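> need coordinates for the following:
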Amino acid sequence: MPYWNATCNHRWNKTSETLFKIFQLVVLYILISTVVDTFMSNSLEIVLGSLNMSDHISYTLVYSSYIIPNAFIRIANVLYATDLTEIIVSVSSLGGQFEGKIGSGIIFIIFGLLSIPILSFALYEILRDDVNSFLCANLTSYLFPSTSVIPVHVFLDFVSYTGVMHAYLFMGVFGILILNIFERLVKSFEKNHLQKLIWTGQGAPTSNGFVQSLEQLTKEAFALKHTMDNYSKIAGVYFLALLYHAAANWFRFLNHVTNGNKVSFLVNSMALNIFSIVAIGYLAFFGNYLSKRAYKIKEKLLAANVLIGSPQPRSDATFYKITQVSTWILTWEWKLSAFEMWDVNHVVISTVFSAILPCMILIFQLRISESTGK
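Sure thing, here's the model as predicted:
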């Protein structure tokens, strides 16, 4: 019976994973085909009802915030579906063994949870305006019947923003939970193993219970390190998606401030405007918090490691096992990075601003020239 249950669970997990991948690929296909169909079947002048180049650039940038971030998220979900499952299972298992208060990191979890109602309200505003714009624009489509154009684009908006919500939740919630487990594991190692060496000063205890607890903690440390590596890999892709989504939506607000005429599909959502500005700071501070907090945890372990001293006698195998585990944990480098291209910290804020500012200036100058030429 245990073998049967294990086999059934394995098959169910594989089936669920396969269905999850298929769903992500189907969504990605609809996403890309809808974009290609929209721009191949209609000119920007027809879509927007405007001949201004500034409106075309603004719309392209804002529309890309639906496509590019979601493509990143969906592709990551397909490539790392197994890793996502392992992270959930490992955090659930290790979280039960190393329970404790989350502490200052709770603010990042709260932000991740708040992103759902805020983005849901922004999605409602966008859907309402897009439906009205579609009714007025009378767009054509080669791939879909004319009666299906609006439902397909509504689905596009919905999956785009639900993907972004998923990414915010994953990064904030699992990042802080894993960091909390790491801190609790280090504290447990220090209290139950390193401290006993410091107190005795005569080598490590050799009781079976002590040795078994050390072996168990070593296994949990291996599982946690694997989980941390998987998280960093997936969160790096999600970070790029969320950063692009937040930055591209700044041009939605720029259009509202600098353009006196209403442009189709460029609804101004104050909830989304404020959220996009705050999100840049959130991502930067979150990445900085993860790396700094992990470094401080290792600093405390290093301080305890220094106090151990040398064992008597030198042949103490348990002592060397403890120091090996301690040294190994001290070599862990856990940080949030974008494909190992750069680390996520406070510098992200100035980098994003310096990248967006020239494009904003270009659009603003185009608006001035277009209004002057009329």
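> tell me, how many residues neighbour residue 223?
Neighbourhood size, residue 223 [other CB atoms under 10 Å]: 17. Where you see a C-beta, it was placed from the backbone N, CA and C, and this is true even at glycine.
> which helices and strands does the host helix or strand of it pack with?
Per DSSP states H and E: residue 223 is located in helix 208-248. Packing partners of helix 208-248 (3 or more CB pairs under 8 Å, 6 or more residues apart in numbering; DSSP states H and E): helix 53-79, helix 81-97, helix 149-169, helix 175-189, helix 270-306, helix 317-330, helix 347-373.
> what angle sits between that helix and helix 149-169?
Interaxial angle, helix 208-248 versus helix 149-169 (axes from the mean of the first three to the mean of the last three CA atoms, to 10 degrees): 140 degrees.
> going forward, the N-terminal residue is numbered 32.
Got it, first residue is 32 now, which makes that one helix 239-279.
> pull out the buried residues from the helix or strand following helix 239-279.
Downstream of helix 239-279, the next assigned helix or strand under DSSP H and E is helix 281-289. Going by neighbour count (16 or more other CB atoms under 10 Å), the buried part of helix 281-289 is 281, 282, 283, 284, 285, 286, 287, 289.
> wait, doesn't the last one sit right on residue 397?
What it means is residue 289. No: assessed by CB atoms under 8 Å, residue 289 is found out of contact with residue 397, at 9.5 Å.
> report the rounded mean pLDDT for the helix holding residue 254.
Regarding helix 239-279, the rounded mean pLDDT is 88.
> likewise for stretch 290-309?
Stretch 290-309 comes out at a mean pLDDT of 77.
> outside of that stretch, which residues touch it?
Residues from elsewhere that reach stretch 290-309 (CB atoms under 8 Å, 6 or more residues apart in numbering): 78-81, 85-86, 89-90, 93-94, 146, 149-150, 152-153, 156-157, 159-161, 164, 167-168, 276-278, 280-281, 283-284, 286-287, 398.
> now which of the residues you listed would you call buried?
78-81, 85-86, 89-90, 93-94, 146, 149-150, 153, 157, 160-161, 164, 168, 276-278, 280-281, 283-284, 286-287, 398.
> show the pLDDT at residue 169.
You'll see residue 169 listed with a pLDDT of 69.
> if you could redo that for residue 326, that was the one I meant.
The per-residue pLDDT reported for residue 326 equals 89.
> still on that earlier bit, specify the angle between the helix holding residue 254 and helix 112-128 in degrees.
Using the same axes, to 10 degrees, helix 239-279 lies at 130 degrees relative to helix 112-128.
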